[in-house]
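**Student:** let me see the structure of the following:
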Amino acid sequence: MIGNIFKQKRSSSLVPNYVVLTLALCFALGPLVILVFNSMKSTADAMANPLGPPREIHLENYPNAWKEGRLSTTARNSGILVVGTVAGVLVMGGLAAFSLSRLDPPGANLFMVYMLGGSTLPIWLFLVPLYSLWRILGLIDTLHGLILIYIALNSPFAIFLLRSYMVQIPRDFEDAARVDGASELQVLTRVILPLAWPGFLTVGLVTALGVWSEFQVALIFVHVPDLFPVTTSYWYFTTRYSRDWSLTSAGAVMMIAPVLIFCFSLQRQFIEGLTLGGLKA
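**Tutor:** A predicted model of the protein is given here:
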């Protein structure tokens, strides 16, 4: 009897939480639902009824947007940027985090303070000299030039998070590996990496999502349409078809669909990685 009363009181006390969560869910999903609705409408229907469901389904908007927005080319470019940046960040960030957490190099704490201060500065403070340097090096209008910038922008976060994992791993494992004749690289790849994989996964996810959705740096450093990432291409696409809401909505759905699929498929690992990294830091 007492247990039932306690459960009822507890359930009633959670009602405000459920109300707030429901409102937050509607606020988050509402624009996405409206976007999907508009992507399946005719142009006249989208302008006359922008918030409601479509009166007739027009799935031809998707192949038309794919063709007019050149999404086959721009999605490939964004994929190259994502893969190159994630690979570079994981390799260099992992090596730097291993060195700072395990090898105890001179000035490690000072370097971490430097990284913390540098990561808080916006890129716009050094954008002009960076653009001048990239122009001299011939890296303007190149995908590898963008990848280098993205690696530099995402490396501080990777180093901080990966180091927070590695400092909590007991040294007994790697000491045993060294006794067996393992090199430092083998210790990292065969001992540290399997134990710190949630951190590497989280860094990869955050970096991939950030690169896929990045717009301003790509707009400044790439001016060739064949090298546009998907965000820059979509901006020009919406400028050209600003009055065709159904076509631009279909393009937006196809642009964000990979991100949503990626997040939903790996959301549990992503949350676990961030949680464990925060606890271990």
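
**Student:** got the contact list for the spatially most central residue of the chain?
**Tutor:** Per C-alpha atoms, centre = their mean, the C-alpha nearest to the average position across the chain is that of Leu209, at 1.9 Å. Going by C-beta atoms under 8 Å, 6 or more residues apart in numbering, Leu209 touches 259, 262-263. The C-beta positions use only the backbone N, C-alpha and C, and glycine is treated the same way.

**Student:** what about the stretch 1-150 of the chain, any weak spots by pLDDT?
**Tutor:** Low-confidence segments of the stretch 1-150 of the chain (pLDDT under 70): 1-14.

**Student:** hey, where'd the helices end up in the stretch 51-200 of the chain?
**Tutor:** Using DSSP state H, counting those that start in this stretch, the helices of the stretch 51-200 of the chain run over residues 61-68, 71-98, 108-119, 127-137, 143-166, 171-179, 184-187, 193-195, 197-213.

**Student:** reformat these as CSV; add distance to Pro53.
**Tutor:** Below are those laid out as CSV (distance: least, C-beta to C-beta, whole Å):
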stretch, distance to Pro53
helix 61-68, 15
helix 71-98, 25
helix 108-119, 44
helix 127-137, 44
helix 143-166, 39
helix 171-179, 57
helix 184-187, 57
helix 193-195, 49
helix 197-213, 27
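
**Student:** and the closest residue to Leu162 other than its chain neighbours, how far is that from Ile159?
**Tutor:** In this structure, Leu162 finds its nearest non-sequential neighbour in Ala97, 3.6 Å apart by C-beta to C-beta, 6 or more residues apart in numbering. For Ala97, the distance to Ile159 equals 5 Å [C-beta to C-beta, to the nearest Å].

**Student:** go on, Ala96?
**Tutor:** 5 Å.

**Student:** do the same with Ile261
**Tutor:** From Ile261 to Ile159 the distance is 29 Å (C-beta to C-beta).

**Student:** compute the first-to-last residue distance for stretch 214-225.
**Tutor:** Using C-alpha to C-alpha, to the nearest Å, the end-to-end distance of stretch 214-225 comes to 16 Å.

**Student:** quick check: mean pLDDT of it?
**Tutor:** The average pLDDT for stretch 214-225 rounds to 92.

**Student:** and that stretch, which residues are buried?
**Tutor:** For stretch 214-225, the neighbour count (16 or more other C-beta atoms under 10 Å) marks 214, 217-218, 220-222 as buried.

**Student:** same deal with stretch 135-150?
**Tutor:** Buried residues in stretch 135-150 (16+ other C-beta under 10 Å): 139-140, 142-143, 145-150.

**Student:** which residues does it contact?
**Tutor:** The contact list for stretch 135-150 (C-beta under 8 Å, 6+ apart) reads 77, 80-81, 84-85, 88, 130-131, 134, 207, 210-211, 214, 217-218, 221-224, 227, 229.

**Student:** gap between the two ends of that stretch?
**Tutor:** Using C-alpha to C-alpha, first and last residues of stretch 135-150 are 17 Å apart.

**Student:** just stretch 235-247 next, same as before
**Tutor:** Per C-alpha to C-alpha, stretch 235-247 runs 13 Å from first to last residue.

**Student:** can you check stretch 162-173 too?
**Tutor:** Stretch 162-173 has an end-to-end distance of 18 Å (criterion: C-alpha to C-alpha).

**Student:** pLDDT averaged over that stretch - what is it?
**Tutor:** When pLDDT is averaged over stretch 162-173, the result is 82.

**Student:** run the chain-centre distance for that stretch.
**Tutor:** Offset of stretch 162-173 from its chain centre (C-alpha atoms, centre = their mean, to the nearest Å): 25 Å.

**Student:** go on, stretch 246-264?
**Tutor:** For stretch 246-264, the distance to the chain centre is 15 Å (C-alpha atoms, centre = their mean).

**Student:** kindly report the same for stretch 108-123.
**Tutor:** That offset, for stretch 108-123, works out to 21 Å (C-alpha atoms, centre = their mean).
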